[in-house]
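Peer 1: A predicted structure for the sequence below; I have some questions about it.
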Amino acid sequence: MSARRGMRLIALSAALPAVLLASAPQAHAFKLFGFTLFEGKRDITPVIDPLSYRVALTAPGSDAPLVRRLRSASTLVAGQSRPVSGAAGLLAKARADREVLVATLYEEARYDAVVEITIEGRPLDAIPPDATFPAAKPVPVAIEVHAGEPYRIGKVVLAGGAAGYDPAAYDLAPGAPAGSATVLKAESDIVLSLKKKGHPFARVADRQIVADHATHRLDVRLDFATGPQAAFGDLSVTGTKALDKPFVAYMADIRRGKLYTPETDSVRVKPAESLASDGSLPVSIGVTDRKRHFLGIGATLSNIDGAGIEGYWGDRNLFGRAERLRLDASIAGIGARSMSRLDYDAKLAFTKPGVLGPESKFAADFGISFDHPDAYDKFSVSGGAGLTYQFTKHQTASVGAELEWARVDDAYGTSRHLLLSVPLEYAFDDRDNKLDPAKGFRIVLDGEPDHDFLSNASYLRLRGQITAYRALDPKNRFVLAGRLAAGTILGASLPDIIADKRYYAGGGGSVRGYGFQAIGPRNPDGTPTGGRAFVETSLELRFRATEKFGLVSFIDGGSVTDAQVPTFSGMRFGAGVGLRYMTGFGPLRLDAAVPLNRQPGDANFGLYAGIGQAF
């Protein structure tokens, strides 16, 4: 199914998943494609000698953000709706809560802080272990926090292997906030820096932290032991029967004699705890074979563009080196407002990693499609191949070649094409989460030279997109997300460009509130012709209301023109709200939008369902 018709509602590897109602009627949950949704956490362990309590937390002289953080950290506050196990349970919980609150205050650099907890008016430390409390009504618990003044970094000495390192590079500059988390992160970052120099056993050898209560300064001395520098030695691979073990080592980029680097440390890649007799570092890799065959089903839904269904089947590890073969098939346009014919697509794809080093992946595919959107009818047969290479953690580039034969009926008549395309792409991505980002940005630049052997037309398609994300609060409950995309086609007039290579706007992945291809130039009878340039923009405010549910408000805009230069003139806008349900495989999305520049033929509103955020 073409991505232009909307996002996938569900597309998960499973043994032909289905929708099943949960067996327990009181749970108010159901299973969708193998995942249990809308099921709250339930504690079914009975409480012995249940005792209820109520909590009052005060922090005289503290600002509101600190009070909110203390309330959020307090286990007594969070658990007061659930009874504890008798007086002993309440006392244990109160003592543990005091430690949690003190640790929270230390993170806020409040080293003078005092946390006083009383139960029924008696200080916690004065209550004997065998005390009893009446169970007729909730036991009153009072927490009073005297936070004191925040501390700043004072003198800093980095010794041992880190002698000569700049403390400011690790947020330990004199005068900087002296929260305990800042000091611990500096320790971790310095150890990582030493490991990157080939010292696998680098560690903090000694720590001296002195809080000067007169000056509210925190003096820090950290002594680091580097341990020996080492190269990788013998490598063992366990846990796999299907994968070629030398290939596993090759993909992990661990070669005997290569200087140790911490980037290889993971749950599956384990350096030994000591060096071998020759001074090298033995390494073991644990691999778990996945099921060789997989299949799944997916769906899309829009009140404007209709519904669609897709399925796929795949075969992993064909020749023992992680090769994969996958067959996809889809039907789209079911119940669409303006379509009288359905879309059918099928594609067979082969991928092989590690063809030019561990960071590379080769892909080839062959496909047949019958597409009937508003702008054109198209039958095509295509095949292509390409190579993707990951240069760094954040940077990826790809190059490919595709040959396509197509018959097209559009606003300019019937035409046949034999098109050679060379797609090129560069991407920079430092988002903190691919499916639900809260921080970072992503830039994608595409270039595609095309040559049509039947019409002798040549043109260059260029497209760029940037998406950016910024959390507005420490817990990422409010996230501002933005998107800007633009493109142009150079070297040919509009009729000489095959219809599906032109630019269109509108739909769930473009400008919500409008149908697919609803924005852009049209011929006199109202059929979309597409354009040679476009610009799109989106702005979303995402709010995480609970652990599972989120809300979104958004506005999208787009413009398509026959000219070669993208322009913001003639922009069409759509605005709306959305609901998000958080799952382990990304948020489920339901958006409702209205067109703000509605024209004859446009729907009054649009509904879009999918998986993952809109961008």
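Peer 2: Structure's in. What do you need?
Peer 1: next, count neighbours for F350.
Peer 2: 16 (other CB atoms under 10 Å). The C-beta positions use only the backbone N, C-alpha and C, and glycine is treated the same way.
Peer 1: er, F554 actually
Peer 2: 21.
Peer 1: show the contacting residues for it.
Peer 2: Shown in contact with F554 (CB atoms under 8 Å, 6 or more residues apart in numbering): R512, S538, L539, E540, L541, A575, G576, V577, G578, D591, A593, A614.
Peer 1: please pull out the lowest mean pLDDT helix or strand from the chain.
Peer 2: Least confident element among the helices and strands of the chain, by mean pLDDT, DSSP states H and E: strand 19-21 (a mean of 26).
Peer 1: the stretch 1-150 of the chain: strands as residue ranges?
Peer 2: Along the stretch 1-150 of the chain, counting by DSSP state E, counting those that start in this stretch, strands occupy 10-13, 19-21, 30-32, 35-37, 50-51, 53-58, 84-85, 114-119, 122-123, 139-146.
Peer 1: what's the first helix or strand after the last one?
Peer 2: Pointing back at strand 139-146 there. Toward the C-terminal end, the helix or strand that comes next after strand 139-146 (DSSP states H and E) is strand 152-160.
Peer 1: so the longest helix along the chain versus strand 114-119, what angle?
Peer 2: For the chain, the longest helix by residue count, based on DSSP state H, is helix 86-107. Comparing the axes of helix 86-107 and strand 114-119 via axes from the mean of the first three to the mean of the last three CA atoms, to 10 degrees yields an angle of 160 degrees.
Peer 1: run through who's touching helix 86-107.
Peer 2: So helix 86-107 is contacted by 48-51, 53, 69-70, 73-76, 79, 84, 111, 113, 115, 117, 119, 124, 127, 129, 131-133, 139, 141, 143, 145, 147, 179-181 (CB under 8 Å, 6+ apart).
Peer 1: check stretch 343-351 too.
Peer 2: 1-2, 5, 308, 323-333, 361-373.
Peer 1: mean confidence score for it?
Peer 2: Averaging pLDDT along stretch 343-351 yields 95.
Peer 1: buried stuff in that stretch?
Peer 2: D343, Y344, D345, K347, A349, F350, T351 (16 or more other CB atoms under 10 Å).
Peer 1: closest one of those to L172?
Peer 2: Within the buried residues of stretch 343-351, the smallest distance to L172 is 45.8 Å, found for T351 (CB to CB).
Peer 1: so that closest one, which of the three states?
Peer 2: Assigned by DSSP: H, G, I helix; E, B strand; the rest coil, the conformation of T351 is strand.
Peer 1: from F247, how far off is it?
Peer 2: 15 Å (CB to CB, to the nearest Å).
Peer 1: tabulate the CA atom coordinates of whatever helix or strand F362 lives in in PDB.
Peer 2: Element membership for F362 (DSSP H and E) is strand 360-371. The C-alpha trace of strand 360-371 is given here as PDB (Å, rounded to 0.1, in the frame of the first residue of the first chain):
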ATOM      1  CA  SER A 360      26.100  -1.200   5.000                       C
ATOM      2  CA  LYS A 361      23.000  -2.800   3.700                       C
ATOM      3  CA  PHE A 362      22.100  -3.900   0.100                       C
ATOM      4  CA  ALA A 363      18.400  -4.000  -1.000                       C
ATOM      5  CA  ALA A 364      16.700  -5.100  -4.200                       C
ATOM      6  CA  ASP A 365      13.000  -5.300  -5.100                       C
ATOM      7  CA  PHE A 366      10.500  -6.100  -7.800                       C
ATOM      8  CA  GLY A 367       6.900  -4.800  -7.800                       C
ATOM      9  CA  ILE A 368       3.700  -4.600  -9.800                       C
ATOM     10  CA  SER A 369       1.000  -1.900  -9.000                       C
ATOM     11  CA  PHE A 370      -2.400  -0.700 -10.200                       C
ATOM     12  CA  ASP A 371      -3.000   2.800  -8.700                       C
END
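Peer 1: helix or strand next in line after that strand, which one?
Peer 2: That would be, after strand 360-371 and using DSSP H and E, strand 376-390.
Peer 1: report all helices and strands that that next one contacts.
Peer 2: strand 360-371, strand 395-410 (3 or more CB pairs under 8 Å, 6 or more residues apart in numbering; DSSP states H and E).
Peer 1: could you find the closest non-adjacent residue to M251?
Peer 2: Distances taken as CB to CB, 6 or more residues apart in numbering place P358 nearest to M251, at 4.8 Å, with adjacent residues excluded.
Peer 1: so who does the one you found touch?
Peer 2: Y250, M251, A252, D253.
Peer 1: quick one: which of those residues is nearest to A603?
Peer 2: Checking those against A603 with CB to CB, the nearest one is M251 at 48.7 Å.
Peer 1: got the contact list for the one helix or strand that closest one maps to?
Peer 2: M251 is located in helix 245-252, with elements delineated by DSSP H and E. Outside helix 245-252, the residues that touch it by CB under 8 Å, 6+ apart are 235, 237, 240, 255, 264, 269, 285, 287, 320-322, 353-354, 358.
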